[in-house]
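Asks: here's my sequence, what's the structure:
(chains A and B)
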Amino acid sequence: MMIGLAMIVIIIFIGVIYYLTYNYSEEKNIKRLQDYGYSLQSELILASQVEPGYERVITIPDRINNIEYTISQTPNDLVLTYREADLLFSIPPGITGSPLSKGSNIIRKIDEDIVSIS
Amino acid sequence: MRRRRSNKKSQVWVSDYTISLLLFVLAVLLSVKIVINSFSADTQFEELKTDASKISEILLSEGYPPDWHNESVIRPGVLTAKRLNATKVINAMNMSYTALRPKFQTAYDFLVVFEEREGNLTGFDGFCAIGSPDVVIINTSIPVLDCHAPDFTSILPYDNMVRISRLVINGTDILRMVTYVWS
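Replies: From the prediction side, this is the model:
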């Protein structure tokens, strides 16, 4: 009886720890992606503010701290998707070329109002 | 005689059992409490600090675009040439909270006010604060709006709150920009 009671308590304890760890890691993952999206947004804002001739190569990793995610772009937003969550980051107008994607991306300021991504 | 001895033994066993069970349950409860605390309070407080820094950093920039208004805003900075731009401050104060919060990439509630040297708040064209409309700003509106102080009793109870003060130049004055973030 005593062993049975101890087992129940330990199973509940492990369940609580698993639940807390899972929630905690999910929140951390979202936070990491938010930070990453914010820094990508900063790159695009910087490119749109500087003089023509600016060029910068950025590499977007396949995974961030082992987090699987997707990246896409609309005319107004950069979208990072993690599971069901879409994280939106507004981007400056006048961004042309192919959207930001995983791997190497070249950001060029080619004109006063145009930033090109390739 | 034999029976008496065996009874005494069983009494010792029951008290041992009870004490060990109590210790075990106490140890489990303590462990759960420690685990829950380490997962929630400290982490949340660190995140609040990070978000408060980020909000104050974004606000103390020119913002993007440099001449942003409520429809075009990407980063709602309130400075122009490193000085407070009243138009931008009014725009930020006038923006709806639901539209403003995603611009700071925060999941927490926040409030930003500008304090004068004496501690009173500086009002901008009828507005007292940027951020959460749930916080009541104590003010007098006669003859003109005069903002005094934020009253956080309306958002009680909150778990954690972070307050960050930074100095900002407003014309010829120096104001204290105070950022509150809570959960």
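
Asks: tell me which stretches of the chain form helices.
Replies: No chain specified, so I'll use chain A. A:2-49 (DSSP state H).

Asks: try again with chain B
Replies: B:2-59, B:86-94, B:97-100.

Asks: average pLDDT for the first one, rounded please.
Replies: For helix B:2-59, the mean pLDDT works out to 78.

Asks: what's the angle between the one helix or strand in chain A whose mean pLDDT sits lowest and helix B:2-59?
Replies: Here the helix or strand of chain A ranked lowest by mean pLDDT, DSSP states H and E is helix A:2-49, holding a mean of 86. Orientation check (axes from the mean of the first three to the mean of the last three CA atoms, to 10 degrees): helix A:2-49 against helix B:2-59 gives 10 degrees.

Asks: coming back round to it: so which of the helices of chain B comes closest to chain A?
Replies: Among the helices of chain B, helix B:2-59 comes nearest to chain A, with 4.6 Å by CB to the nearest CB. Glycine gets a C-beta too; all of them are placed from N, C-alpha and C.

Asks: shouldn't residue A:67 be in contact with residue A:30?
Replies: No: if you go by CB atoms under 8 Å, residue A:67 and residue A:30 don't touch, sitting 9.2 Å apart.

Asks: around chain B, pick out the residues from chain A.
Replies: A:2, A:5-6, A:9, A:13, A:16-17, A:20-21, A:23-24, A:27, A:31, A:34, A:37-38, A:41, A:45, A:48-49, A:88-92 (CB under 8 Å from any CB of the partner chain).

Asks: returning to what we had before: who wins for proximity to residue B:163 among the helices of chain B?
Replies: Nearest to residue B:163 among these is helix B:2-59 (7.6 Å), distances taken as CB to CB.

Asks: circling back: need the overlap of contacts for residue A:67 and residue A:30.
Replies: Common neighbours of residue A:67 and residue A:30, counting by CB atoms under 8 Å, 6 or more residues apart in numbering or on different chains, are residue A:82.

Asks: for chain B, what lies in contact range of chain A?
Replies: Contact residues, chain B versus chain A (CB under 8 Å from any CB): B:17, B:21, B:24-25, B:28, B:31-32, B:35-36, B:39, B:43, B:47, B:64-65, B:74-75, B:102-103, B:105.

Asks: again, only using 6 Å
Replies: Neighbours of chain A within chain B, by CB under 6 Å from any CB of the partner chain: B:28, B:32, B:35, B:39, B:64, B:74, B:105.

Asks: neighbours of the closest residue to the third one other than its chain neighbours, how many?
Replies: In space, and not counting its chain neighbours, residue B:35 is closest to residue A:17: 5.8 Å by CB to CB, 6 or more residues apart in numbering or on different chains. By the other CB atoms under 10 Å in any protein chain shown criterion, the neighbourhood of residue A:17 contains 15 residues.

Asks: same deal with residue A:51?
Replies: The local packing of residue A:51 (other CB under 10 Å) involves 7 other residues.

Asks: read off the pLDDT value for it.
Replies: 92.

Asks: quick check: it vs residue B:65, distance?
Replies: 16 Å (CB to CB, to the nearest Å).

Asks: isn't residue B:137 up against residue B:126?
Replies: No: applying CB atoms under 6 Å as the test, residue B:137 and residue B:126 come out as separate, 11.5 Å apart.

Asks: neighbour-wise, which of these two wins?
Replies: With neighbours defined as other CB under 10 Å, residue B:137 and residue B:126 compare such that residue B:137 has more, 18 against 13.

Asks: and that one, what does it touch?
Replies: Neighbouring residues of residue B:137 by CB atoms under 6 Å, 6 or more residues apart in numbering or on different chains: B:128-129, B:147, B:150.

Asks: now restrict the residues you listed to buried residues only.
Replies: For the contacts of residue B:137, a burial check counting by 16 or more other CB atoms under 10 Å in any protein chain shown picks out B:128-129, B:147, B:150.

Asks: pLDDT check: weakest of those?
Replies: Among those, residue B:147 carries the weakest pLDDT, at 88.

Asks: my guess is that residue contacts residue B:139, does it?
Replies: Yes: using CB under 6 Å, residue B:147 is in contact with residue B:139, at 4.7 Å.

Asks: before we move on, back to that, which strands and helices lie in contact with the least confident helix or strand of chain A?
Replies: Other helices and strands packing on helix A:2-49, by 3 or more CB pairs under 6 Å, 6 or more residues apart in numbering or on different chains; DSSP states H and E, are strand A:77-82, strand A:85-90, helix B:2-59.
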